[in-house]
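S.K.: Build me a model:
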Amino acid sequence: MHKRMLIAVAVLLGAAACQNEPTGAAPNEVVLAQQAQVMVDQVAASPENGMHFEGWIRRLVDTLRTTDDPEALACLDAARTLRQEAFAAFQAGDTALARQKLRESFMKVLCAVVEVFPNAPARTGQAVDNAITRIENFLGDRDAPRIRAILDHVKELRTQADAALASGDKVTALALNLRGIQILHRLVEHVRDRHDDHDGVADREMEDVGS
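M.R.: This next block holds a predicted model:
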């Protein structure tokens, strides 16, 4: 388990932001992004997938608080310790170490999730795939270079997630799928505000929700 977690953290820390993206978005592309984002939230809120990301992860965390699964409890204990270490690092002024500890803490929470919900990686992956398909069908041949660049990046995350799942690393697979969902859930902001580090924005939001 420890080795898998180290691999998971390395993947998250080493994942590159989208490269070679257009530098801006035309007003009509922002409108397309708004419509596409609604589709993403509809997919995430379907009966098969539960609800949108924030509600879904909060529900999982609430469930974990009452679990008696020993491995899940061990993961949650490790997550709490890491968050305490992150707080200490913030107080000491080492923000880089604090961010690293927060990310490791979130991965430990996901470790607990897959112990209690072993099908979570597959379900979240399916949700991302469904969202991408709906957006691409909606766009058709419309000119939306920044949206398409973001979709390409999320597809890359899905490829990495499937590879991790195939190797038995469910934690990394779930983390990457959740990152993809969160990127799409904030599609308008990424397009309108010209975010370049989509991964970083998504990860920070996930860590905050999962705390």
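
S.K.: Just give the closest residue to Pro121, not the sequence neighbours.
M.R.: Sequence neighbours aside, Ala173 is the residue nearest to Pro121 in space, at 4.0 Å (criterion: Cβ to Cβ, 6 or more residues apart in numbering). Every C-beta, even on glycine, is put in place using the N, C-alpha and C of the backbone.

S.K.: Helices of the chain, start to end?
M.R.: Counting by DSSP state H, the chain has helices at residues 2-14, 27-44, 53-64, 70-91, 95-116, 120-139, 145-166, 170-185, 187-192, 198-209.

S.K.: okay, the ones you listed in TSV with mean neighbour count next?
M.R.: Compiled in TSV, the helices of the chain are given as follows (neighbours: other Cβ atoms under 10 Å):
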stretch	mean neighbour count
helix 2-14	15
helix 27-44	18
helix 53-64	17
helix 70-91	16
helix 95-116	21
helix 120-139	19
helix 145-166	19
helix 170-185	27
helix 187-192	22
helix 198-209	19
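
S.K.: looking at the ones you listed, which has the lowest confidence?
M.R.: Of all those, the minimum mean pLDDT falls on helix 2-14 (a mean of 43).

S.K.: Please report the distance of the most centrally placed residue in the chain from Gly93.
M.R.: Centroid-nearest residue in the chain, with Cα atoms, centre = their mean: Arg179, separated by 1.7 Å. To Gly93, Arg179 is 28 Å away according to Cβ to Cβ, to the nearest Å.

S.K.: And Leu187, by the same measure?
M.R.: Counting by Cβ to Cβ, the gap from Leu187 to Gly93 is 35 Å.

S.K.: Same check on Arg186?
M.R.: Computed as Cβ to Cβ, the Arg186 to Gly93 distance reads 29 Å.

S.K.: Pick out whichever of these two has more residues nearby.
M.R.: The residue with more neighbours, out of Arg186 and Gly93, is Arg186; 21 against 8, by other Cβ atoms under 10 Å.

S.K.: How about the backbone phi and psi for that one?
M.R.: phi -110, psi 30 (degrees, to the nearest 10).

S.K.: And Ser167, by the same measure?
M.R.: Torsion angles at Ser167 (phi, psi; degrees, to the nearest 10) stand at phi -90, psi 0.

S.K.: ok, now which ones touch the closest residue in space to Gln34 that isn't next to it in sequence?
M.R.: Of all residues beyond its chain neighbours, the one nearest Gln34 is Val188 (5.3 Å), with distances taken as Cβ to Cβ, 6+ apart. Contacts for Val188 (Cβ atoms under 8 Å, 6 or more residues apart in numbering) come out as Val30, Ala33, Gln34, Gln37.

S.K.: and with 6 Å instead?
M.R.: When contacts are counted by Cβ atoms under 6 Å, 6 or more residues apart in numbering, Val188 touches Ala33, Gln34, Gln37.

S.K.: out of those residues, who's nearest Asp141?
M.R.: Nearest to Asp141, judged by Cβ to Cβ, of these is Ala33 at 16.8 Å.
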